[in-house]
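Engineer: got a predicted structure here, sequence first:
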Amino acid sequence: MNFDGIDPHWIWLIAAAVLGIAELLMPGVFLIWLAAAAAVTGFAALLLGMPLAFQFALFALLAIAAVYVGRRWYASNPVESSDPLLNDRAARLIGETVTVVTAIEGGHGRVRVGDGVWSARGPDAEVGTRVRVVGAEGTCLKVETLGIPQQPTN
């Protein structure tokens, strides 16, 4: 692509439009911040007639600032979800009852969850013991033994 004869501010504005369209086609709320930085750089180049090296420096600074502001804004305005634990499988397992497949000794063992096996931490338990998931640290589940009801004595 040959940009001879095109003023740099038009290239920045075209880049902003392309990034904005790309954001619409591939939503992820990232490219829009770069599009904003390119648009501001384009308007600044149009109004101030800056050298090309300064335009690139301005775009770099604006892109960093825009992404930073965008991340902070989204962190303080979370998107509501009907299933907030959708992508946190370990958190979804809290409260589930699972079976010990590798004895929990010294606080470490493995448990069966569905058709998979997860690392587990908790009180010592023999193979086959049913335990409840009470938390998770990464991919390691924290478990506790289930209370065994007392048998009535006659």
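Structural biologist: That came through fine. Numbering: from 1, shown residues only.
Engineer: name whatever forms a beta bridge with residue 145.
Structural biologist: Applying DSSP bridges to residue 145 gives these bridge partners: residue 131.
Engineer: quick one: classify the residue nearest the centre of the chain as helix, strand or coil.
Structural biologist: For the chain, the residue nearest the mean C-alpha position is residue 87 (8.9 Å; C-alpha atoms, centre = their mean). At residue 87 the chain is in coil, as set by DSSP: H, G, I helix; E, B strand; the rest coil.
Engineer: pull the helix or strand with minimum mean pLDDT from the protein.
Structural biologist: Ranking every helix and strand in the chain by mean pLDDT, DSSP states H and E puts helix 89-92 at the bottom, with a mean of 81.
Engineer: any idea how the chain splits into domains?
Structural biologist: Per automatic domain parsing, the domain ranges recorded for the chain read 8-76, 89-145.
Engineer: buried stuff in the least confident helix or strand of the chain?
Structural biologist: Under the neighbour-count criterion of 16 or more other C-beta atoms under 10 Å, helix 89-92 has residue 90 buried. The way it works is simple: take the backbone N, C-alpha and C, and place the C-beta from them, glycine included.
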